[in-house]
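In: my questions concern the predicted model and sequence given below.
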Amino acid sequence: MNEEKKIAGIYIRVSTLDQAREGFSLGQQEEQLKAFCEQKGYEIYKVYADEGISAKNDKRPKFKEMIQDMKDNKINKIIVYKLDRLTRSIKDLETICTLLEEYNCDLESVA
């Protein structure tokens with residue numbers, strides 16, 4: 001069986017210093033997500049980090065870069081620590097999931 005290679009984009013985000021103090025720092029997210037990818041056998045294409053930016057909308061530079069890389073077939077998995085790192089809106093999550101489906105990209109959350 002010829003399985004497609006799993007190439008992951010790791011998306012990490014913090015919006016406040018409080019999140020960093022409570023264990024959601026970019027470094028801690030990245031460390032856990034890299035370990036997760038290694039355990040699953042995923043190749044990591046890139047880590048996309050938006051620091052100090054809310055997930056209330058998609059106006060995040062690294063988020064947009066990651067979506068473009070997905071559209072350009074550079075990644076076929078998006079790995080996040082928690083779904084709220086990706087978005088805070090159920091409506092936006094539905095839009096993101098529809099887009100992921102269109103480009104045959106999976107979304108995985110560690111926590």
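Out: The structure has been received and is ready for your questions. What you see is a predicted model, and the numbers here were worked out from it, not measured in a lab.
In: from now on I want contacts and neighbour counts done on CA atoms only, so please keep to that.
Out: Noted.
In: confirm Lys56 sits in a strand?
Out: No - per DSSP: H, G, I helix; E, B strand; the rest coil, Lys56 lies outside any strand segment and is coil.
In: any idea which element the nearest residue to it once chain neighbours are set aside lies in?
Out: Nearest in space to Lys56, with sequence neighbours left out and distances taken as Cα to Cα, 6 or more residues apart in numbering, is Arg88 at 5.6 Å. With secondary structure defined by DSSP states H and E, Arg88 is part of neither a helix nor a strand.
In: list the residues that contact Ile53.
Out: Taking Cα atoms under 8 Å, 6 or more residues apart in numbering, we find Ile53 in contact with Arg13, Val14, Ser15, Thr16, Arg60.
In: nearest residue to the third one in space, please, no chain neighbours.
Out: Spelled out, that is Ser15. Once flanking residues are discounted, Ser15 sits nearest to Gly52: 4.0 Å by Cα to Cα, 6+ apart.
In: is it true that the one you found touches Thr16?
Out: Yes - Gly52 lies in contact with Thr16 (Cα atoms under 8 Å); the separation is 5.8 Å.
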